[in-house]
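>>> Just the structure for this:
(4 chains)
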Protein chains: 4
Amino acid sequence: MANFGGHAIPGSFFLLLGFWLTVKHVLQHYWRTSQPKGRHIMPPFFKKMDFLEGGFIIFGSFVGIMIEQFVVDGPHAHLYDKENNSWVKLMNWQHGTMYLFFGICGIALVASSASKLVPAGVDRLALSLALFVEGFLFYHHLHNRPPLDAHIHSLLLVPVFSGSASTMLEVFIRDNIILELLRACLFILQGSWFYEIGFVLYPLSGPEWDLKLHDNLMFITMCFCWHIAVALLLVSCISSVVWFTVKRFSGRGRDIEIGMRSTSSKASSQKALLEESDEE
Amino acid sequence: MANFGGHAIPGSFFLLLGFWLTVKHVLQHYWRTSQPKGRHIMPPFFKKMDFLEGGFIIFGSFVGIMIEQFVVDGPHAHLYDKENNSWVKLMNWQHGTMYLFFGICGIALVASSASKLVPAGVDRLALSLALFVEGFLFYHHLHNRPPLDAHIHSLLLVPVFSGSASTMLEVFIRDNIILELLRACLFILQGSWFYEIGFVLYPLSGPEWDLKLHDNLMFITMCFCWHIAVALLLVSCISSVVWFTVKRFSGRGRDIEIGMRSTSSKASSQKALLEESDEE
Amino acid sequence: MANFGGHAIPGSFFLLLGFWLTVKHVLQHYWRTSQPKGRHIMPPFFKKMDFLEGGFIIFGSFVGIMIEQFVVDGPHAHLYDKENNSWVKLMNWQHGTMYLFFGICGIALVASSASKLVPAGVDRLALSLALFVEGFLFYHHLHNRPPLDAHIHSLLLVPVFSGSASTMLEVFIRDNIILELLRACLFILQGSWFYEIGFVLYPLSGPEWDLKLHDNLMFITMCFCWHIAVALLLVSCISSVVWFTVKRFSGRGRDIEIGMRSTSSKASSQKALLEESDEE
Amino acid sequence: MANFGGHAIPGSFFLLLGFWLTVKHVLQHYWRTSQPKGRHIMPPFFKKMDFLEGGFIIFGSFVGIMIEQFVVDGPHAHLYDKENNSWVKLMNWQHGTMYLFFGICGIALVASSASKLVPAGVDRLALSLALFVEGFLFYHHLHNRPPLDAHIHSLLLVPVFSGSASTMLEVFIRDNIILELLRACLFILQGSWFYEIGFVLYPLSGPEWDLKLHDNLMFITMCFCWHIAVALLLVSCISSVVWFTVKRFSGRGRDIEIGMRSTSSKASSQKALLEESDEE
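Residues are numbered from 1 along each chain as shown, chains lettered A, B, ... in the order given. Next up, the predicted model:
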């Protein structure tokens, strides 16, 4: 959707996802480091979070596909127009394909949370694949555009493919807080860069940008680095706030572990719960 | 062989290989997870499967080389035509070279199953190399073709080189079910894409595709992503079916391990068998 | 800053950093290998060194940003000139951005030395990112320059991106002396190559270089390899000198460990110190 | 040196090195697998082999540099001709630079064999670097050549850069027989390809090759794959022959270990030797 809104929607989605991943992984990291060594079992609370996250991603992807198909100027599920011998609204179909893979990623997340039969790492593989497909389609999007338009979109490929690579690494190196926060950071970067694309290509106010001026390309390249710095700053601040909040609450005489559990279950004893989560 | 059949034959081969690898690796994974921790010995049943697979690949490669050489318009083992000062049917020779490396891969599989002297991982290295050579020759194939023809063949390089890289990784990270199923998935993708190439370049019915229309390239790029999604779906479905079938059979009072062994040996006791397989 | 000084300043900075890293990592390696296996605690001396290094990097980056902004022909914190509708001194802003990321890297180093809450490896990730941003901005710097100018700058990307990759590897493989010295070596190479760029593009004496002569490009390529050899030689010599100096001092009846500690603390007993550093 | 001999000499060198590495690493692998688990100490015999290899490489590099400098039409240690304002014989200087890095690699091998202070892996890093520099200089060699000449030289980069990457991997994954034999195989491939370049560009008999014919490029690409297959075959055959020869000798009542040691030392007892090698 070639307007400001069409870039603000995925931008907001990725920003939210990035913030959420930061909070989630800092909580998980706090849990891991505060537990005695022998216990590696995550409390059911985290499983619920994963279900919620997966469900949200599936829902978002489904809505995204529906919108791309059935907006006023969408393809309405028609792929090929036999009368004119032409494809119908391929751009919308391509965006729908991107959503589809994020949907698959949501399903993989739910499946790997629900069942121990699904091998650990499938959710990360699916996410890595979804990012790869997004980058792959974007990359073949860029032909025949004015220089600044092509450049600003190609910069989007940096967080997309880096995210795909770092998530692929997480298939093998699990529970590494640096990789997890790096992933969150790359999502925030992607989100904020979507907004930047929107502001540059469809300025809300002020004059249009000259899409061929070399100085504009140089500024955008530098601006991208500033977005990286801001994303780093945001992730560090959120992480610190979450960490110290959790620590303070768990320090006030209530064990964080119990606090967390009490949100999910009340009557059962601690040990029973652990065994349950082990067998699920 | 520039016709539909020439793409359907390798397509079918890779599809079959992909399905077979899915079944085999899910069975092996079931075996690994259902065994107590101390035992890592595969039953002879799996070794027989590897022999069969290796033999099948060697046979297929040999037949492939023979067909490429001795079809009616083939080179008939002539490489250079001294009268005309020209190479004879280089395309067929190149296809034969690809088959040769899959043959080497089959030999490596048989050798590493037959003898413990062959270091573990040689079969994966040979497979990785066979895929690399396939991609390498395809890559140098693509010059001077119409845009859609070049593009649709270059998309084939994605599963080929990804497969080569992920198989190379398996030399070092062994018995990782995700990598194994990823490999199977990439073979299925490669096979189905061979069919797609056949359908697009040599349509069985209907009008020819316009090989220069940019919209066709955009559709094909997207279509490739749909093939990825279908390959993922197929691998997940087959894996689930195989897993639950095996589980049900082994749950009916017959230990799957014994069931498997009884196909290879009857009179010997379980322990003797294990020791045997250890010494082979 | 397009003159000899503008290349000599970062060159000196990177040379100094490379020498310093060599000394630091050889000392750390000596400490690691001379300790009994069970003890992995670095003495407070090393922590102080990291504080110093981080503080120095932060200070240097701050000064660098200030100079780039407020030199006579600098942008003086103006980014966009609304009267002329043009960006103001983008080159200086880009250099300032590079310094900014080295500043972030310094902050990460101080933070990860100061607190155990910061996960190990954050300092390396930040350094890897700073080098990536440096290379990324340089890479988009190179358009529309004469061949030799573009080539000599693109050779700079070799140590920058190699350094970024090897430092990223250090996030996962820590305390590997080879990687650490490789990093030092790449910084020295980068520093000496900055000087080489200065000498070639802004010769202090003698005739100007012909920026289009192909032979000059070939010589510069080879000259880069000689710089690699010299950097290797320097790192090996410094490492040997530091190693044998430390060994000789610690062999003279004074334990190196105690010698080191006495510089940081006098009255407290050895054990108390170790426990302290553990709890900080 | 642009003639057949100038390609046959490095070709022979790399072929020999490849054969030698195959023999050495199979012997080391035999030793490792035939030892009980607790003992990882290599007998002095292997250390002597490393000294010999290192000395041979240093000697070869030195001779290579001398030849490149002082052949009849060489630069005779003159780099810049001030009278004509031109560089003197840059090609010879570049080849000399390649030899220099192989010389450094020899020194690293000798140093890491001689002293335990040199961290394990330095020899592999130096070899990886030598191959990188070789490929780096070759890559910048290729401009402005006829298509077949450029293509056949660029194919040389495949074994060179693959060798550099796989050797770099060996810095971290040591004593992996697959990586070691892969390295040997890539050296053999490089050597045989040097011969192929010689045969194609400077044919000993018969007509000259048409350097612009596309069919020749296609044949050469395929021919490269055949070289890979032959290199694989050679490495497998040599490995098998060495393995079974060693096994047969060590099976004839003489322990291979003792047999090996007796070549290096006679009077000292086995245990003393082991301790010695430990302390060296």
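
>>> all contacts plus neighbour counts: C-alpha atoms, from now on.
Will do.

>>> For the closest residue to chain B within the stretch 1-150 of chain A, pull up the helix or strand it's in.
Using CA to the nearest CA, the point where the stretch 1-150 of chain A gets nearest to chain B is residue A:94, with a distance of 6.2 Å. Taking DSSP states H and E as the criterion, residue A:94 maps to helix A:90-114.

>>> quick revisit: isn't the residue of the stretch 1-150 of chain A closest to chain B right up against residue A:137?
Yes - contact status for residue A:94 versus residue A:137: in contact at 7.2 Å, counting by CA atoms under 8 Å.

>>> lowest-pLDDT helix or strand in chain A?
Taking mean pLDDT, DSSP states H and E as the measure, chain A has helix A:270-279 as its least confident helix or strand, at a mean of 43.

>>> rewinding a little: return the list of helices and strands in contact with the helix holding residue A:94.
Helix A:90-114 makes packing contacts with helix A:44-70, helix A:122-139, helix B:214-251 when contacts are defined by 3 or more CA pairs under 8 Å, 6 or more residues apart in numbering or on different chains; DSSP states H and E.

>>> if you compare the ones you listed, which one is most tucked away?
Between these, the one whose residues have the most neighbours on average, counting mean count of other CA atoms under 10 Å in any protein chain shown, is helix A:122-139 (a mean of 22).

>>> helices or strands next to it in the packing?
helix A:90-114, helix A:147-172, helix B:214-251.

>>> Just put these in a markdown table and tack on distance to residue B:62 and mean pLDDT.
As requested, the helices and strands packed on helix A:122-139 are arranged in a markdown table below (distance: least, CA to CA, whole Å; pLDDT from 0 to 100):
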| stretch | distance to residue B:62 | mean pLDDT |
| --- | --- | --- |
| helix A:90-114 | 39 | 93 |
| helix A:147-172 | 37 | 94 |
| helix B:214-251 | 28 | 93 |
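
>>> Relative to residue D:231, which of those is closest?
Minimum separation from residue D:231 across the helices and strands packed on helix A:122-139 (CA to CA) falls at helix A:147-172, 32.7 Å.

>>> Chain C contacts on the stretch 151-280 of chain A?
Residues of the stretch 151-280 of chain A that fall close to chain C, judged by CA under 8 Å from any CA of the partner chain: A:177, A:178, A:215, A:218, A:219, A:221, A:222, A:225, A:226, A:229.

>>> try 10 Å
Counting by CA under 10 Å from any CA of the partner chain, the residues of the stretch 151-280 of chain A close to chain C are A:173, A:176-179, A:182, A:213-219, A:221-226, A:228-229, A:232-233, A:236, A:240, A:243.

>>> Can you read off the backbone torsions of residue A:144?
Note on residue A:144: backbone dihedrals following degrees, to the nearest 10 are phi 60, psi 40.

>>> ok, it - how many residues close by?
By the criterion of other CA atoms under 10 Å in any protein chain shown, residue A:144 has 8 neighbours.

>>> residues contacting it?
Each residue near residue A:144 by CA atoms under 10 Å, 6 or more residues apart in numbering or on different chains is listed here: residue A:150.

>>> Give me the pLDDT for the residue lying closest to residue A:157 once chain neighbours are set aside.
Nearest-residue entry for residue A:157: residue A:135, 5.8 Å, with adjacent residues in sequence omitted and distances by CA to CA, 6 or more residues apart in numbering or on different chains. Predicted confidence (pLDDT) for residue A:135: 95.

>>> got a list of what residue A:63 touches?
Residue A:63 sits next to A:57, A:69, A:96, A:99 when contact means CA under 10 Å, 6+ apart.

>>> These: which two are farthest apart?
A:57 and A:69 (18.2 Å).

>>> residue contacts, the residue of the stretch 1-150 of chain A closest to chain B?
Residues in contact with residue A:94 (CA under 10 Å, 6+ apart) are A:65, A:68, A:100, A:134, A:137-138, A:141, B:218-219, B:221-223, B:225.

>>> which one among those gets closest to chain D?
Distances from chain D to the contacts of residue A:94, taken as CA to the nearest CA, are shortest for residue B:221 (27.3 Å).

>>> quick one: the closest one from residue B:156, how far?
From residue B:221 across to residue B:156, the span is 11 Å (CA to CA, to the nearest Å).

>>> and the stretch 1-150 of chain A, which of its residues are near chain B?
Within reach of chain B by CA under 10 Å from any CA, the stretch 1-150 of chain A has these residues: A:79, A:86-91, A:93-98, A:100-101, A:104, A:117-122, A:125-126, A:129, A:133-134, A:136-137, A:140-141, A:143.

>>> Need the buried ones from these selected in PyMOL.
The PyMOL command for the buried members of the residues of the stretch 1-150 of chain A next to chain B (criterion: 16 or more other CA atoms under 10 Å in any protein chain shown) is given here:
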select buried, chain A and resi 87+88+89+90+91+93+94+95+96+97+98+100+101+104+118+120+121+122+125+126+129+133+134+136+137+141
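
>>> any idea which residue of chain A is furthest from its center?
Ranked by distance from the centre of chain A (CA atoms, centre = their mean), the top residue is residue A:83, with 40.0 Å.

>>> can I assume it sits in a helix?
No - remark: residue A:83 does not belong to a helix; assigned using DSSP: H, G, I helix; E, B strand; the rest coil, it is coil.

>>> what's it in contact with, if anything?
When contacts are counted by CA under 10 Å, 6+ apart, residue A:83 touches no other residue.

>>> returning to that earlier point: next, format the contacts of residue A:63 as CSV and append distance to residue B:191.
CSV is the format used below for these (distance: CA to CA, whole Å):
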residue, distance to residue B:191
A:57, 31
A:69, 30
A:96, 25
A:99, 25
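
>>> which residues sit in contact with residue A:244?
Residues touching residue A:244, when contacts are defined by CA under 10 Å, 6+ apart, comprise A:30, A:250.

>>> Without its sequence neighbours, what residue ends up closest to residue A:120?
Using CA to CA, 6+ apart and skipping residues adjacent in sequence, the residue nearest residue A:120 is residue A:112, 6.8 Å away.

>>> how near is that neighbour to chain C?
In this structure, residue A:112 and chain C are separated by 26 Å, where distance is defined by CA to the nearest CA, to the nearest Å.

>>> wouldn't that residue be in contact with residue A:123 here?
Yes - the pair residue A:112 and residue A:123 passes the contact test of CA atoms under 10 Å, sitting 6.6 Å apart.

>>> okay, and the common contacts of these two?
Once CA under 10 Å, 6+ apart is applied, the residues that residue A:112 and residue A:123 both contact turn out to be residue A:106.

>>> quick one, what contacts the residue of chain A found nearest chain C?
With CA to the nearest CA as the measure, residue A:222 is the residue of chain A nearest to chain C, at 6.2 Å. When the contact criterion is CA under 10 Å, 6+ apart, the partners of residue A:222 are A:216, A:228, C:90-91, C:93-98, C:133, C:136-137, C:140.

>>> any idea how far residue A:73 lies from chain D?
48 Å.

>>> from memory that residue sits against residue A:89, does it?
Yes - with contacts defined as CA under 10 Å, residue A:73 counts as touching residue A:89 at a distance of 8.5 Å.

>>> just to revisit the earlier point, quick one: the helices and strands packed on helix A:90-114 as a markdown table, columns for distance to residue C:201 too.
Shown next, in a markdown table, are the helices and strands packed on helix A:90-114 (distance: least, CA to CA, whole Å):
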| stretch | distance to residue C:201 |
| --- | --- |
| helix A:44-70 | 54 |
| helix A:122-139 | 36 |
| helix B:214-251 | 45 |
